[in-house]
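Asks: This is the structure alone, sequence omitted:
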């Protein structure tokens, strides 16, 4: 049984990946072709010619249209067939599915579900690479695993103490307390202090401290967008703030921001896009690149664990997980995901799930 | 659901591939072993020992028999077990299936269906390599795709204008008109003029002309034998002939012939054999080889498109093609194929399908 | 339909493969983690953390426990969870399955079925590497095939004449007579003379004889442990012994012993462990190594045949084997295997099967 959800905005790639050369992407099992029209506007169509199901991504962009290079059928950016070589009549039903698509903050977002429910205002607020507040570099990788395992990984950062002890240098402090959770309209917010822990990353002024207090706060937005703010303070700050959100007047030793997007390719394939970097007052492009290099190492640690986890799951798909107190955000988020593909009037209040 | 058809003569390989060393082939999902007996006669048996299902193709030919090299059972060329080492009694049912097999025009043809319906007269008239009229060279390749996609490709040559613009140098003229179709007892004949087009291939006298008229006529015979005659004439010839078959008195600038055979290996594997070359009065072996080299390039263009098409189809097997006016021969031929595996008295008149 | 049997002791590996670094093994489809506790005792647990099904084999042994390195849950050697970082309450059901495990004769034996039926006395009497009577060396390999095909191979040695003519130098004498069979409580015993045959292996005093009589006797014990004693005598000995067990006073030219274990990994994967070597009065470690080298060659001959056989079987799983008179021990053993997973009171007398 699939757990793929359609009524979401999925990241199909970085804005610079798309041009008048068509690109194939698979999202929640659908083959999609993306290309830019003559005005540079992005188009996303079903990657399957109506004629004999050849991929349009092997085709040719002609102005605002794309031509299938098998037998020459031409489709406009809305998916309507406008030419069948050697045939005058073009049947009305000769069209491929058009997907709502938006370019925002350097990501191309495609809506895979009911077009009438596609609301660009629901696209997550990831940081653009030219955001003046942050210096960001990027990366990506592919998982041979179901997207939910990657979401679950991001929704419970206690794993940092075990999976990323080498890369991020996280210690057991990361596994001991539980975050404050807030249910958002399209996701969940998770915030907490990690007290008396090595600075991770040990950059900027934070490098001068053996132990620090770290404030982490992330929004995890449908269908898998992770927006994490990390700020490192002198030891004792958490206590001084009564474990609440840090007082804006407190001096930040080092802070950074990462946007990450999980895209379900198919049941057992997932693509993962990310940017990361320091606050522009605390670091430069070189430091951002160093952070990306550590992130790549850490994400490969996740990949080893998650792909092995997927293999174990596939040996017996009847076994259910046993949630711990660290999994509350996972439970909330999975329920929120499933709600997207239910009939609209069934959407209820999710607040209760967090209680 | 399978679309593999059994009551057909399939090409198992070139005559020189078979000797007293047994060879394994799979056709429509059946494992087959082929070998030559002491008199050089070809034999085709089920490649599965009755004892414990070991492949006889790992066995040893002994005179007119083949011995399984797992536990030593011996079978004659008719498939009957004649020896079980250490056992006197040989059960009557100890036999493997024998397949009707014929060697004709350098191809080995195996009948995969009801042996009583195996009529060698129905084997397609491909050209032998020693045919005095043509100078022929050969090639072959494998597809990770269902045979029907390759058949469909050959039954609609409008694709030349798009898939083979680089290799064969075909232009849009190939996609604009529709051939005359004639239903044959075991296939379909498709003939037409391509007017005012670059000579393809640009060989012999045709090379001196920028634009020509090309007469193409092919028979596509069960289960996937493509016999194509191409003749290049001076521009204007089509009109002078009223788009009918070329007047035999017209001077041919260059002509060539190709025999191609599509063999369904299994649901998603297909083997493809071909010969091609010029008329013996217009070219030599070197020219034939040059034509095969271009053909190989073109068939790899087909392979890229068709294997990608298969992957798209496999993402959603419920989607149906939308036929165009160029697909009439495909429709006729697919219906003819399906008829082969129906009870014999159900065979009716196919002419109506072409109208 | 599976033919994997659970109520058996399976070899999980050589004793030296396991330490305080956890090792993953799959047996009859179950993922298992094996490790040694602080006292060196072997533990075998379900390789699937109760929390989110991550493999414990990516975890860390801590004293007598193993910690999952995804989110830090800790389990004792009995499988009980003893720690969930950041959570005080540990649910009673937070435990992974513990498998009965025994270390015997350098092999680690795991019981995959009902723990109440796990009786170490039923573990086969394979030879330990420090057995003073034999000089033994070891090897192992993996099959892409169902375990039953390897068992069947070992239960019918007539195949030596065909598969191993090159490696073991066996001739047709091996296929001509049939062994005496005795049904054991947990297996079958098969003994016979091979008369007037080349010595195989041609070692020790046997090397001086062109033809010899060979006594072979093996026990094949659940679930696939092959214990073969081979003794080579002067030609004529079989007749002098009336084809009965050799008189202990007869002079043995050369004798050797091999223990082999077939472990079903999953439906289409099997692991195979073996030791082999001469009697300590007739050979040394160098000779044992030479024998292992020949055995490796022979087992690769089996692998080629058996993996090809599996592929043929998978083309049509409805085809049944046709037993010969050489297959009696296979029939008996397969029935014995199936009985292991039936309710205990259904166990009846197997003697009749041998008649």
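Replies: Perfect, I can see it now. Nothing here was measured: the structure is a model prediction, and the numbers come from that model. Numbering: from 1, shown residues only, chains lettered A, B, ... in the order given.
Asks: what's near enough to touch the nearest residue to residue A:72 once chain neighbours are set aside?
Replies: Distances taken as Cβ to Cβ, 6 or more residues apart in numbering or on different chains place residue A:85 nearest to residue A:72, at 4.1 Å, with adjacent residues excluded. The way it works is simple: take the backbone N, C-alpha and C, and place the C-beta from them, glycine included. Residues near residue A:85 by Cβ atoms under 8 Å, 6 or more residues apart in numbering or on different chains: A:71-73, B:158, B:161, B:172, B:175-176.
Asks: isn't residue A:329 right up against residue A:178?
Replies: No - using Cβ atoms under 8 Å, residue A:329 is not in contact with residue A:178, being 9.6 Å away.
Asks: beta partners for residue A:75?
Replies: residue A:66, residue A:81 (DSSP bridges).
Asks: meant to ask about residue A:219, not that
Replies: With DSSP bridges as the criterion, residue A:219 is bridged to residue A:189, residue A:227.
Asks: gap between the residue of the stretch 101-250 of chain A found nearest chain C and residue B:87?
Replies: Nearest residue of the stretch 101-250 of chain A to chain C, counting by Cβ to the nearest Cβ: residue A:175, 3.9 Å away. Per Cβ to Cβ, to the nearest Å, residue A:175 is found 68 Å from residue B:87.
Asks: ok, those two, which is more surrounded?
Replies: residue A:175 (23 against 16; other Cβ atoms under 10 Å in any protein chain shown).
Asks: I'd like to check which residues are in contact with the more buried one.
Replies: Residue A:175 makes contacts with A:158, A:160-162, A:326, C:71-72, C:85-86, as judged by Cβ under 8 Å, 6+ apart.
Asks: right, and the secondary structure at residue A:291 would be what?
Replies: Classification of residue A:291 by DSSP: H, G, I helix; E, B strand; the rest coil places it in helix.
Asks: Which residues are in contact with it?
Replies: A:137, A:201, A:203, A:256, A:276-278.
Asks: rerun that using 7 Å as the cut-off
Replies: A:201, A:256, A:276-278 (Cβ atoms under 7 Å, 6 or more residues apart in numbering or on different chains).
Asks: between the residues you listed, which is nearest chain B?
Replies: So of those, ranked by how close each gets to chain B (Cβ to the nearest Cβ), first place is residue A:276, at 33.2 Å.
Asks: Secondary structure element for the residue lying closest to that closest one once chain neighbours are set aside, which one?
Replies: Of all residues not flanking residue A:276 in the chain, residue A:258 sits nearest, at 4.1 Å (Cβ to Cβ, 6+ apart). Element membership of residue A:258 [criterion: DSSP states H and E] is strand A:254-266.
Asks: which strands and helices sit next to that strand?
Replies: Packed against strand A:254-266 by the contact rule (3 or more Cβ pairs under 7 Å, 6 or more residues apart in numbering or on different chains; DSSP states H and E) you find strand A:9-14, strand A:23-27, helix A:147-155, strand A:225-234, strand A:269-278.
Asks: Against chain B, how distant is residue A:195?
Replies: Distance, residue A:195 to chain B, using Cβ to the nearest Cβ, to the nearest Å: 50 Å.
Asks: What strand or helix carries that residue?
Replies: Short version, using DSSP H and E: residue A:195 is in strand A:187-197.
Asks: what sits up against stretch A:188-195?
Replies: Stretch A:188-195 is contacted from outside by A:173-174, A:177, A:179-182, A:213-220, A:238, A:243, A:245, A:329, A:332-333, using Cβ under 7 Å, 6+ apart.
Asks: buried sites along that stretch?
Replies: A:188-195 (16 or more other Cβ atoms under 10 Å in any protein chain shown).
Asks: Next: stretch A:174-188.
Replies: In terms of neighbour count (16+ other Cβ under 10 Å), stretch A:174-188 has its buried residues at A:174-176, A:178-179, A:181, A:183, A:186-188.
Asks: quick one: which of these sit in strands?
Replies: If you go by DSSP state E, those have A:181, A:183, A:187-188 in strands.
Asks: any chance of these in CSV, plus pLDDT?
Replies: CSV is the format used below for these (pLDDT from 0 to 100):
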residue, pLDDT
A:181, 97
A:183, 97
A:187, 98
A:188, 98
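Asks: Could you pick out the residues of chain A near chain B for me?
Replies: Residues of chain A found near chain B (Cβ under 7 Å from any Cβ of the partner chain) are A:29, A:31, A:47-48, A:50-55, A:58, A:69-72, A:84-87, A:91, A:94.
Asks: So how do I select the buried members of these in ChimeraX?
Replies: Listed next is the ChimeraX selection for buried residues among the residues of chain A next to chain B, using 16+ other Cβ under 10 Å:
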select /A:29,31,47,48,50,51,52,53,54,55,58,69,70,71,72,84,85,86,87,94
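Asks: and the residues of chain A next to chain B, which of them are in strands?
Replies: Judged by DSSP E, strands contain the following of these: residue A:31.
Asks: show me where chain A has helices.
Replies: A:147-155, A:160-163, A:173-176, A:237-240, A:285-315, A:328-340, A:351-354 (DSSP state H).
Asks: end to end, how far does stretch A:114-131 reach?
Replies: End-to-end span of stretch A:114-131 (Cα to Cα, to the nearest Å): 32 Å.
Asks: Okay, buried residues for that stretch please.
Replies: For stretch A:114-131, the neighbour count (16+ other Cβ under 10 Å) marks A:118, A:122-124, A:126-129, A:131 as buried.
Asks: cool, and stretch A:238-255?
Replies: Of the residues in stretch A:238-255, A:238, A:241, A:246, A:252-255 count as buried by neighbour count, 16+ other Cβ under 10 Å.
Asks: Repeat that for stretch A:316-323.
Replies: Within stretch A:316-323, the residues scored as buried using 16+ other Cβ under 10 Å are residue A:322.
Asks: Grab the most central residue of chain A for me.
Replies: residue A:261 (1.3 Å; Cα atoms, centre = their mean).
Asks: Count the residues that sit near the nearest residue to that one once chain neighbours are set aside.
Replies: Distances taken as Cβ to Cβ, 6+ apart place residue A:11 nearest to residue A:261, at 4.0 Å, with adjacent residues excluded. Residues near residue A:11, counting by other Cβ under 10 Å, number 29.
Asks: Quick check: bridge partners of residue A:11?
Replies: Beta-bridge pairing of residue A:11 under DSSP bridges involves residue A:109.
Asks: I'd guessed it sits against residue A:109; true?
Replies: Yes - look at residue A:11 against residue A:109 with Cβ atoms under 7 Å: they come within range, at 6.1 Å.
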